Structures are given as structure tokens and as C-alpha cells.
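S.K.: Build me a structure from this.
(one chain, ligands or ions: 1)
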Amino acid sequence: MIYTITLNPAIDHILFTKNPLEKRKNNRMYKKEIDLGGKGLHVSHTLTCLNIHNTAITFAGRRNASSFKKILDQKNLHYKLFIEEKSATRITYVLMDQAGEGSLMVTEHGFRISEQNHKKLCRYLIDTVKTEDTVILSGSLPPEYPVARWKEIVSLLKERRCTIACDVSGEALRTAVEMQVDFIKPNEQELRELFPAQQNVLRQLQELNQNVPYVVFSKGGEGSTALIEQKIFDVDAPKVKECNDTGAGDVFVGALFGAREQGCTWEEALTFAAGCSASKVTKSNSSAFDVEEAKVLSLKTNIQERKGVY
Ligand code: TA6
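M.R.: The predicted structure follows:
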């Protein structure tokens, strides 16, 4: 069973302009779409599209809980929600023009999670998660969220001996590495924050790999480098016509673990994930991808093992 945890969910508002987005100008929008937001929820959506049984664990602000739930239901997600009274789930604005040069994301902070709801989440995890399960924690921490709470969640998952995957940044990522979770997916910026004095990316990744057995360095449109079981793989990103890159990393994570759950090797899973992520980039909203298109794209994905580096 796979669980995803999204501590800071969102509702994505995708705003489309015809002309290229420009500062010091009125960028008039001609269309708006509303989509699921929040990284773990996107991972759950990807798994659901791949017919992999999973539960999305998240929070919702009472004030707009019904519209949030409606989105989760429309996406056929199986979920466990903890409701925060007197709060509203944040809105993320994704600005898109037709230049095909990527989207611009503006996120709200989100709402604070009460101690009571944090305890409920911990209780739920203790009662539900089993050793054979995988738990994927993705996205930012809510505002004023004490690192001690993050540590409590990771350590109770470690006690369950389940597989722990973290697609997080900043302090949460640093802590996840220290606590020796099973999987991380840092990008260039996150590596720079972790290693301000070390310039060599391979050394950075190898150092992380001493604590974390599965490290995937995400390079966006340039693909990824994965350090897995004493091997290093360079995985290309198939070239596609870009529409909206928002959520591409989440689709990658969902497809990677989905493929592993279906018995694929890591190499097969990495190329499949690259195909799914590329398919996502061709779609206009922040969660959609096409499984059949992804399969074709993954066949075009080159994966190469670096020999003699480890
Ligand atoms: O990866 C895309 C996305 O999940 C958006 O749906 C969005 O709302 C945002 O990321 C949230 O990111 P954050 O890092 O703030 O949790």
C-alpha cells in the first residue's frame, strides 16, 4: 500500500494569457482552470491514474473544504482528510502564456496546523502504516510548522519500518537526510542549500547517498541522475512541446513508485517516470498526463549507467 502525505495542500488556479507574460503590463487572462494542488496529492493522482491503490493523507481548511473535497472526488482520489477549523486551503496561482517557456507559480503560505490535528495525524499513521507500505511525503511545510513535528512524523514512520520517500526542501530535507529516510529527490537549488561549500554535484549526491539509499537528482527538462544500489544512472527527459511544467516532478515521483509497486526494476521505473513526467509537461493543467503517451515517450528515454564512478 502507498500513502502520500501533503502537509500543505493547495487548490491550483491556472490563469491563461494569450500574449507572453510581461512585467509592467496588464496581462489579460482569457481562461482559468481549477486543479488539484499540493505535491503529495499530485503523487496520489498519478498513482490513481496508474490504477495503483493509494491513500492521500492531507489537511483541509474548513472554509473552502467543500470545494477542495469536490476536486479530490473529481480526481477519484482515496483520501484521509483532517479538517482545520477557521482556515482555508491555500490557492496557488499558475500563470501560463502560449510561449511554451514554462509556467510561473505564485503560492500562498497555507494555514497553520493545530497541535490537535498533528496528534490525529500521528495516531492515524501509527494505527495504519505497516512495514510493507511506502509513505511519500511531498511539498512544503505549513507556516510556523515546528521542525520537531516533522521529526516526530518521520521517526514514527521509521519505527514502523516502512519505506519513506521525501520530496521536500530546506530544513525538512536536511532533517530527512539526517534521519536516513529511503528516498529523496533534490533539485539543483536544494543541493546548493544543503552544500553551500561543496560545488561538485556528484560529490554532493554521493554524500547524500551515504545516508539515503535512493537519491534522484532532478534536473527538470534535462532529466535526472539517480544513485541507486551502488550504481549511477543518467536518465534523459524525452523532448516534448512544453505547455505547463507545473507538477511534472510530482508525476515523476508518482510514476516511479507506481512502476516499482508493479514490479518494475529501478531502471524501468526511472524511464517510465521520465515518460510520464514529459507527458505531463505537454498538458495545460497541473496534474494531467496520458499513460499511453507516457509509454511511447518512455521508450524514447535514454538511460545510461556511469561505469567505474562508484
Ligand atoms: O508541484 C506542483 C504543486 O504541487 C502545485 O500544485 C502547487 O500548489 C505547489 O506545487 C505547492 O508547492 P509547495 O512547495 O508550496 O508545497
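S.K.: drop to CA atoms for contacts and neighbour counts, all remaining ones
M.R.: Noted.
S.K.: Now do the contacts for the residue nearest to the spatial centre of the chain.
M.R.: Geometric centre of the chain, nearest residue: residue 250, 3.4 Å, by Cα atoms, centre = their mean. Neighbouring residues of residue 250 by Cα atoms under 8 Å, 6 or more residues apart in numbering: 39, 40, 42, 43, 46.
S.K.: buried residues in the helix or strand in which residue 208 is found?
M.R.: Taking DSSP states H and E as the criterion, residue 208 maps to helix 201-211. With burial defined by 16 or more other Cα atoms under 10 Å, the residues of helix 201-211 counted as buried are 205, 206, 208, 209, 211.
S.K.: Residues of the chain that sit close to the ligand?
M.R.: With Cα under 6 Å from any ligand atom as the criterion, the chain meets the ligand at residues 8, 10, 12, 37, 38, 39, 92, 139, 140, 246, 247, 250.
S.K.: wait, isn't the first one in contact with residue 110?
M.R.: Yes. Taking Cα atoms under 8 Å as the contact criterion, residue 8 and residue 110 are neighbours in contact, 6.3 Å apart.
S.K.: between those two, what contacts are shared?
M.R.: residue 142.
S.K.: Quick one: neighbours of residue 279, just the number.
M.R.: Number of residues near residue 279 (other Cα atoms under 10 Å) recorded here: 30.
S.K.: Which pLDDT value goes with it?
M.R.: pLDDT for residue 279: 97.
S.K.: Regarding the chain, what is its longest helix?
M.R.: When the chain is parsed with DSSP state H, its longest helix is helix 266-281.
S.K.: then that one to PDB, C-alphas only?
M.R.: Extracted C-alpha coordinates of helix 266-281, given in PDB (Å, rounded to 0.1, in the frame of the first residue of the first chain):
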ATOM      1  CA  TRP A 266      14.600   0.800 -10.900                       C
ATOM      2  CA  GLU A 267      15.900   1.300 -14.500                       C
ATOM      3  CA  GLU A 268      12.500   0.500 -16.000                       C
ATOM      4  CA  ALA A 269      10.800   2.700 -13.300                       C
ATOM      5  CA  LEU A 270      13.100   5.600 -14.000                       C
ATOM      6  CA  THR A 271      12.400   5.600 -17.700                       C
ATOM      7  CA  PHE A 272       8.700   5.200 -17.200                       C
ATOM      8  CA  ALA A 273       8.700   8.100 -14.700                       C
ATOM      9  CA  ALA A 274      10.600  10.200 -17.300                       C
ATOM     10  CA  GLY A 275       7.900   9.400 -19.900                       C
ATOM     11  CA  CYS A 276       5.000  10.200 -17.600                       C
ATOM     12  CA  SER A 277       6.700  13.500 -16.500                       C
ATOM     13  CA  ALA A 278       7.300  14.500 -20.100                       C
ATOM     14  CA  SER A 279       3.700  13.700 -21.000                       C
ATOM     15  CA  LYS A 280       2.600  16.000 -18.100                       C
ATOM     16  CA  VAL A 281       4.600  18.900 -19.400                       C
END
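S.K.: Low-confidence stretches in the chain?
M.R.: The model of the chain has pLDDT under 70 over residues 308-310.
S.K.: so how far is residue 59 from residue 7?
M.R.: Remark: distance between residue 7 and residue 59 (Cα to Cα, to the nearest Å) = 7 Å.
S.K.: scratch that, residue 117
M.R.: Distance from residue 117 to residue 59, by Cα to Cα: 9 Å.
S.K.: Those two: which is more packed in?
M.R.: Between residue 117 and residue 59, residue 59 has the larger neighbour count (other Cα under 10 Å), namely 24 against 14.
S.K.: what's around the residue nearest to residue 161 when sequence neighbours are not counted, how many residues?
M.R.: Nearest residue to residue 161 in three dimensions, chain neighbours excluded: residue 131, at 4.9 Å (Cα to Cα, 6 or more residues apart in numbering). Neighbour count of residue 131, defined by other Cα under 10 Å: 13.
S.K.: repeat for residue 90
M.R.: Counted by other Cα under 10 Å, the residues lying close to residue 90 total 22.
S.K.: beta partners of it?
M.R.: residue 10 (DSSP bridges).
S.K.: Hmm, residue 45 and residue 75 touching each other?
M.R.: Yes. When contacts are counted by Cα under 8 Å, residue 75 is listed as touching residue 45 (6.8 Å).
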